[in-house]
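Peer 1: Return a 3D structure for these sequence lines:
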Amino acid sequence: MKLLNKIEIKEALNGTNEFPNEAVPKHKLKSIGSFIGVVIGEHTTATEFVIGPLFVLHGASVSDVFLGLLLGNLMAMLSWALICAPVAVKTRHTIHIELRRIAGTGLLTIYNIIKAMMFCVVVSATLIVSASAVGPFLGVTPPGLTDLHISSFNWVWLILAVGTVVMFISVLGFDYIVKFANVFAPWIPLVFIGSGIAILPKLGVHNLEDFWRVANESIWTGNPVTKETNYSLIHIFIFSWLCNSTMHLGLSDMSIYRFAKKSSYGFISGLGVYIGHLLTWLSSGILCAVAIKQGNNNPSPGELAYLGAGFTGIVCVIFSGFTSAVPTMYRVGLAVQSSLKRFKFWQITLCMSIISIVLACFPVVVAKLDHILGIGALILSPLGAVIFADHFILPKLGLKTFGAERDKIYINPPVMSAWIGSVSISYVIFNFLGLDYYFFVAFPCWVFCLFLYVGLTHIQQKYMAKKPTFDVFINNDDKVMME
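Peer 2: All right, here's what the predicted structure looks like:
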């Protein structure tokens, strides 16, 4: 990727138009090759060295891990290909434009605030993981996964340096995100997966037959290493499907797939989840098992990367954090700009990047990340069902679409009622059943919102159609029809 001089940077910033409030023009559409690098880079991140070991530490069995990841990632791919990409290609809009037309500016503003803060947390988590990998080589002790407070001022300076790189690439727009991803995406998965395979002999694996035996005995044993929840097939299936539910079911990835020439590009997401999730989660789980065998029951991502690939592994963790944080920050910029139209994309992205950098200084972001993501998915994903229904269900039922735009209202009542109702119902179910992950109710919440929105819209339009008409006569010549 060619480095830019000061003039080129200024021109790129001032010329950046990410079409936040209009359809992507035909000449800006991207070929399938552009999406391969983006999806692989985004789903092969430093945080995979956090998720993969969870299956080992929580005592998942071999069969549960493999079957759960195969089926869960299949559902994730289908969610992108059959729900998100078709809406994105049909409209060429971001989710924010569609929400303004359907839900109204009031609900869009609330959505954007929640989404921007959640995505800032996601970006800050990737910054923390990347910084924790390079910290020991600079004499900076990174905080542990359960630490809640700033460890040192040197840690703050390290976060600032790492975050500045992400901020710089993000403000340049989608074209530069594609270029950045295509530089690093090809080799990052190779390092991640290769390190797991290369270290197998330390567990006594020398052939395929050895692998299945050792996997049962020493890797995914079915016995938790910690006192945490024992992961079952349903845990792994639901998590691998819905950990990105905000992106696919929630349609946030319309910001990416609106550039696709065909909706079938949504199937490219399979490369991201099967390489970036399934294979790297398995690989990092193997690395975790080796670390446990060596007496470290709570390894950090940087330690796992160094254990498997030495200094190359550390570099891989750092840049894989960038390939995830950059497109996520891009989405944050689009979300906020859709409500603050007077500001340029790069100005908003710059401000939101600074917020992410500040959040990354506090290790509590990683310690509570699973709870934050689960709550965010529960709240944001249902509105994706509203947009999907407006484009593909309401017309088939003979119902009018784009309620807020058509009626020129600030808040569309059926959308607001469906959103609040579905989240409330799901929250009650979550507590009644005593579930341990909000992800378990993310899809039911999406379905509840879909049916509530369609049903309430039908009732509203049926009522309006049957509303009586009154004839008021001013005189014999003038007749005013008042509804």
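
Peer 1: who touches the helix or strand encompassing residue 77?
Peer 2: Assessed by DSSP states H and E, residue 77 sits inside helix 62-79. Contact with helix 62-79 is made by 55, 60, 212, 215-216, 219-220, 231-242, 244-245, 248-249, 266-267, 269-270, 273-274, 277-278, 281-282, 285, as judged by CB atoms under 8 Å, 6 or more residues apart in numbering. (Each C-beta comes from the backbone N, C-alpha and C, glycine too.)

Peer 1: from the chain's centre, how far out does that helix sit?
Peer 2: Distance, stretch centre to chain centre, for helix 62-79: 17 Å (CA atoms, centre = their mean, to the nearest Å).

Peer 1: Buried residues, the next helix or strand after it. List them.
Peer 2: Under the assignment DSSP H and E, the closest C-terminal helix or strand after helix 62-79 is helix 85-91. Within helix 85-91, the residues that count as buried by 16 or more other CB atoms under 10 Å are 85-89, 91.

Peer 1: So which other helices or strands are in contact with helix 85-91?
Peer 2: helix 95-102, helix 254-257, helix 382-392 (3 or more CB pairs under 8 Å, 6 or more residues apart in numbering; DSSP states H and E).

Peer 1: State the mean pLDDT of it.
Peer 2: Per-region confidence: helix 85-91 scores 95 on mean pLDDT.

Peer 1: Likewise for stretch 460-467?
Peer 2: Per-residue pLDDT values across stretch 460-467 average out to 76.

Peer 1: can you tell me which residues contact residue 83?
Peer 2: 248-249, 251, 384, 388.

Peer 1: longest single helix anywhere in this protein?
Peer 2: Identified as the longest helix of the chain according to DSSP state H is helix 301-337.

Peer 1: Specify which member of the contacts of residue 83 is nearest to residue 198.
Peer 2: residue 248 (32.8 Å; CB to CB).

Peer 1: Tell me if I am right that that closest one is in a strand.
Peer 2: No: looking at residue 248 with DSSP: H, G, I helix; E, B strand; the rest coil, it is coil, so not inside a strand.

Peer 1: What about it, how many residues nearby?
Peer 2: The number of residues packed near residue 248 is 28, by other CB atoms under 10 Å.

Peer 1: go on, the one 5 residues further on?
Peer 2: Each residue near residue 253 was counted by other CB under 10 Å, and the total is 27.

Peer 1: Next: residue 208.
Peer 2: 8.

Peer 1: Backbone dihedrals for residue 429, please?
Peer 2: The phi and psi values for residue 429, taken as degrees, to the nearest 10, are phi -60, psi -40.

Peer 1: Please determine how far the closest residue to it other than its chain neighbours is located from residue 135.
Peer 2: Spatial nearest neighbour of residue 429, excluding adjacent residues (CB to CB, 6 or more residues apart in numbering): residue 441 at 5.6 Å. Counting by CB to CB, to the nearest Å, the separation of residue 441 from residue 135 is 37 Å.
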